[in-house]
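J.: I would like the atomic coordinates for the input below:
(4 chains)
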Protein chains: 2
Amino acid sequence: MTIREVSERYGLSADTLRYYERVGLIPPVPRTGGGVRDYDEASLGWVELIKCMRSAGVGIEALTEYCRLFQQGEETLEARKALLVEQRRQLRERMEDMRKSLDRLDQKIENYDRDLARKERELRGG
Amino acid sequence: MTIREVSERYGLSADTLRYYERVGLIPPVPRTGGGVRDYDEASLGWVELIKCMRSAGVGIEALTEYCRLFQQGEETLEARKALLVEQRRQLRERMEDMRKSLDRLDQKIENYDRDLARKERELRGG
DNA sequence: CCTTGACTTGGAGCCCGCTCCAAGTGCTAT
DNA sequence: ATAGCACTTGGAGCGGGCTCCAAGTCAAGG
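T.: Numbers count the residues shown, from 1 in each chain, chains lettered A, B, ... in the order given. Sure thing, here's the model as predicted:
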């Protein structure tokens, strides 16, 4: 699968896909004789994983570290798990912050509803 | 309340507080005779609101627009509410992305647990 | 053979959101 | 009076994460 096809499939620019590989977010993608990227299933899996994690705000650094460990094989299983557990913790933390802000937004919106309703009554009544 | 005190109270640097005011995230803070910022309750409320919204990833632009509308008075109530509703929508969207990534992380971590347990059994058994 | 077009690389540039700095001003304590 | 310190402003710098560009290579079609 060419970089263009992968780009269209996942909604990531070809530049971004090359960038991801360059900085080590995904392992080296197989190439054709001419050196052109030819994404296989494994590479697609990585692209999808990275897209998912990036969209949740997981940092490039943690993800490159994960990819690096993965390429070192079996002896890094524990390290990889530890890394994922830590990222999960951070993700939960961020979600908790967002939940607080969401509550606050809900509250403010309710206040606006009340203010607008009052204004409406005043217009009608007076 | 001085900028230093506000800084300590909210864990934002004095530079960040000045920056927030400069770009219009919060309305102008009252000054002493000598031109030194003297945060009042209203300003503190703004700082806290902005800190909360920023920590949830709400963009500077939306927040400056909200602040701008606020300073224009009553006739912008509806516009402000609309802005908040839109930001709430975006916040919910981001949280949904994060929930998906979290599920995925949980799944991966479980897989690692299984792999590690299997490896353990193999070591003991063979 | 030559053009076209997708691909390659390395590197520069850009946007966001701070963060830091230089130069200057003004209260406070000795 | 003068040292010291917190404050001011405008502007430069920085890190993250892309995004774009120039220059070159290669495969396919006319």
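J.: quick one: the top helix by length along chain A near chain B?
T.: Criterion DSSP state H: the longest helix present in chain A is helix A:77-125. Yes. Helix A:77-125 lies within reach of chain B by CB under 8 Å from any CB of the partner chain, at A:77-78, A:80-81, A:84-85, A:87-88, A:91-92, A:94-95, A:97-102, A:104-106, A:108-109, A:112-113, A:115-116, A:119. Any C-beta I mention is one placed from the backbone N, CA and C, and that applies to glycine too.
J.: Near DNA strand D, which residues of chain A? Just list them.
T.: Where proximity means CB under 7 Å from any atom of the strand, the interface of chain A facing DNA strand D comprises A:13, A:15-16, A:19, A:33-35, A:54, A:59-61.
J.: Okay, now the unreliable bits of chain A?
T.: A:126 (pLDDT under 70).
J.: try 90 this time
T.: A:1, A:4, A:8, A:31-36, A:119-120, A:122-126 (pLDDT under 90).
J.: returning to what we had before: among the residues of helix A:77-125 next to chain B, which ones are buried?
T.: Taking 16 or more other CB atoms under 10 Å in any protein chain shown as the criterion, what is buried in the residues of helix A:77-125 next to chain B is A:80-81, A:84, A:87-88, A:91, A:94-95, A:98, A:101-102, A:104-105, A:108-109, A:112.
J.: picking up where we left off before, now do the longest helix of chain A against helix B:77-125, angle only.
T.: For helix A:77-125 against helix B:77-125, the angle by axes from the mean of the first three to the mean of the last three CA atoms, to 10 degrees is 160 degrees.
J.: residues from chain A in reach of DNA strand C?
T.: A:2-4, A:14, A:18, A:22, A:31, A:35-37.
J.: Dump these into JSON lines; add neighbour count and secondary structure as well.
T.: Shown next, in JSON lines, are the residues of chain A next to DNA strand C (neighbours: other CB atoms under 10 Å in any protein chain shown; DSSP: H, G, I helix; E, B strand; the rest coil):
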{"residue": "A:2", "neighbour count": "13", "secondary structure": "coil"}
{"residue": "A:3", "neighbour count": "19", "secondary structure": "helix"}
{"residue": "A:4", "neighbour count": "11", "secondary structure": "helix"}
{"residue": "A:14", "neighbour count": "14", "secondary structure": "helix"}
{"residue": "A:18", "neighbour count": "14", "secondary structure": "helix"}
{"residue": "A:22", "neighbour count": "9", "secondary structure": "helix"}
{"residue": "A:31", "neighbour count": "10", "secondary structure": "strand"}
{"residue": "A:35", "neighbour count": "6", "secondary structure": "coil"}
{"residue": "A:36", "neighbour count": "11", "secondary structure": "coil"}
{"residue": "A:37", "neighbour count": "19", "secondary structure": "strand"}
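J.: Going by distance to residue B:66, which of those wins?
T.: residue A:14 (37.0 Å; CB to CB).
J.: ok, that closest one to residue A:8 distance?
T.: Distance of residue A:14 to residue A:8, computed by CB to CB, to the nearest Å: 10 Å.
J.: got it, and residue A:100?
T.: Residue A:100 is 38 Å from residue A:8, by CB to CB.
J.: tell me the contacts of residue A:26?
T.: Counting by CB atoms under 8 Å, 6 or more residues apart in numbering or on different chains, residue A:26 makes contact with A:20, A:43, A:46-47, A:50, A:67.
J.: Where does chain A get nearest to DNA strand D, residue-wise?
T.: For chain A, the residue closest to DNA strand D is residue A:60, as judged by CB to the nearest atom of the strand, at 3.1 Å.
J.: mind listing what that residue touches?
T.: A:23, A:25, A:54.
J.: One more: residue A:46?
T.: Applying CB under 8 Å, 6+ apart, the residues contacting residue A:46 are A:25-27, A:67.
J.: what's the spacing between it and chain B?
T.: Counting by CB to the nearest CB, to the nearest Å, the separation of residue A:46 from chain B is 13 Å.
J.: just residue A:40 next, same as before
T.: 20 Å.
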